[in-house]
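>>> From the sequence below, what's the structure:
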Amino acid sequence: MLPTKSNTADKGCSPVSSNCVIWQGPDLGCIDLCNGDAISDVVYKVATKLCTIQTSLDLSTLDLSCLVSFCSAANPAPTNKTLLAVLDFIIDKVCCLNTAIQNLPAGGGSSYTEPNVSLPTCLQYTDPGTGQTVTVLQHSAYTLRLANQYCNLKATVDSQTTTIASHNTRITALENRPTTTLPLVTPNCILTPGTPTAMNLVLDELEAQYCTLRGVLGTNTALTTAIAQQCQGLGASSALSTSGTISSLPGWNATSTTVASAVQNLWVVLCDMRQTIFDLKTSVGSTDCSSFLLGFTAATNEARTQVTVFFNGGGTVIPSGFANCTALGSKITIKDASGKTYTDNVNLLTAVTDTDGITYTVSGAALNTSQAYTITVEGCLTKNGNSCSKTATFTVAVPCPIISSVTATLT
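Reported below is the predicted structural model:
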């Protein structure tokens with residue numbers, strides 16, 4: 001229906017309804033306008049958008065008080081708060097602020113002093129130069145120390161995190177492992193010897209046996225105390241069954257620190273005492289074996305293939321009335337450190353008067369000439385039908401090498 005009135009009717013224009021005019025332009029998505037819409041819809045949508053923009057650009061309530069407080073040269077704030085006026089005001093303030101910043105003295109001004117900040121206990125440290133505890137730092141130094149401590153802590157935490165992750169993996173693997181079956185052990189002398197037995201049963205039996213053995217032998221402390229009960233200076237005491245000291249008797253341990261060495265020394269002393277008691281027993285009322293003393297010295301030739309034993313002046317004393325126990329005389333043994341031995345006999349009755357000594361050729365026994373020789377004489381004499389036995393030893397050490405000549409040239 002055509003409008004009946006129009007403000008252009010009196011100007012020669014034909015009134016046409018806006019609903020009858022079609023928009024033939026492109027689609028305008030921003031205002032939801034399509035080709036073919038009536039001009040009434042087009043104008044309405046454009047007017048609606050314009051009103052929305054006008055409302056959003058209304059700056060009448062904009063508070064510019066914070067911008068007024070600095071750069072007074074760019075004041076006052078605009079009273080007509082149009083977009084152009086407000087933007088001009090802000091630009092002026094920014095330019096003023098930029099100028100003020102550029103005019104600041106280098107380094108923030110010579111009058112600036114960093115504040116001191118107290119260190120908490122965990123950040124305090126000892127100054128290496130003064131040895132004093134540092135409790136306060138300037139702000140920059142405080143920040144640097146705080147950063148360094150953080151980095152150290154972070155490195156520790158990172159390392160521990162990696163370790164914990166590794167431990168978690170390993171713990172999980174251990175937890176997921178199948179049940180462990182203890183291996184079987186075949187005992188030789190406990191439980192049922194020769195029968196494979198669970199390891200825990202063997203271990204329990206071993207502990208029981210050890211506790212029983214310890215109850216019989218005593219603790220390590222008790223054994224050590226017992227070893228220390230050896231008579232002071234016993235090794236340097238005179239032997240009873242022969243000349244010389246107890247330390248010269250075969251088998252004597254100069255340093256006794258174990259039960260085995262202490263028992264060995266007991267046997268050495270006991271045998272020495274027994275021999276003496278036997279001599280006393282056999283000599284009572286008949287033969288006095290104590291008057292028969294056995295001792296000697298020895299030496300080797302340079303090649304160590306011959307050993308000469310000297311009983312004359314070596315400590316051997318044979319009173320009249322004694323005779324050899326056998327026609328061969330007494331046994332003499334020469335032994336090196338590796339165990340090779342040479343054995344022979346000696347007539348003590350004639351040897352005690354021989355100032356040249358008795359020489360034995362030991363090359364056939366293949367003794368090690370680079371080792372010491374230990375010579376043992378088992379003396380046996382009789383008197384009035386009673387035997388007297390004495391044993392003596394002597395060691396021929398390895399001689400030092402002889403330097404035949406030394407030639408030196410001085411330049």
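
>>> Tell me if I am right that L182 is in a helix.
No: counting by DSSP: H, G, I helix; E, B strand; the rest coil, L182 is not part of a helix but coil.

>>> Am I right that it is in contact with N200?
Yes: between L182 and N200 a contact is recorded at 5.7 Å, counting by Cβ atoms under 8 Å. Bear in mind the C-beta positions are built from the backbone N, C-alpha and C, glycine included.

>>> shared neighbours of the two, anything?
Counting by Cβ atoms under 8 Å, 6 or more residues apart in numbering, no residue touches both L182 and N200.

>>> show me where pLDDT drops low in the protein?
Under the criterion pLDDT under 70, the flagged ranges of the chain are 1-14, 58, 60-70, 72-75, 79, 105-111, 281-287, 400-411.

>>> what about the strands in the stretch 51-200 of the chain?
Assigned by DSSP state E, counting those that start in this stretch, the stretch 51-200 of the chain shows strands spanning 116-118, 125-126, 133-134, 136-138, 184-185, 197-198.

>>> among the ones you listed, which is nearest I227?
Taking Cβ to Cβ, strand 184-185 is the member of these nearest to I227, at 33.7 Å.

>>> Does the closest one pack against any helices or strands, and if so which?
If you count contacts as 3 or more Cβ pairs under 8 Å, 6 or more residues apart in numbering; DSSP states H and E, strand 184-185 packs onto strand 197-198, helix 199-217.

>>> Tell me which strands it pairs with, and in which orientation.
The pairing partners recorded for strand 184-185 under DSSP bridges are strand 197-198 (antiparallel).

>>> what helices or strands is the lengthiest helix in the chain leaning on?
Assignment by DSSP state H gives helix 139-175 as the longest helix of the chain. With contacts taken as 3+ Cβ pairs under 8 Å, 6+ apart, helix 139-175 sits against strand 116-118.

>>> any idea how far the spatially most central residue of the chain lies from T172?
Residue closest to the mean C-alpha point of the chain, counted by Cα atoms, centre = their mean, is T163 at 19.0 Å. T163 sits 15 Å away from T172, going by Cβ to Cβ, to the nearest Å.

>>> and what of N188?
For N188, the distance to T172 - Cβ to Cβ - is 41 Å.

>>> The two - which one has more neighbours?
Between N188 and T172, T172 has the larger neighbour count (other Cβ atoms under 10 Å), namely 10 against 7.

>>> where's that one relative to W267, distance?
On the measure of Cβ to Cβ, T172 and W267 end up 62 Å apart.

>>> With K335 instead?
Per Cβ to Cβ, K335 is found 20 Å from W267.

>>> V346 too?
V346 sits at a distance of 27 Å from W267 (criterion: Cβ to Cβ).

>>> Of these two, which one has the most company?
Legend: neighbour count by other Cβ under 10 Å for V346 and W267, higher for V346 (21 against 11).
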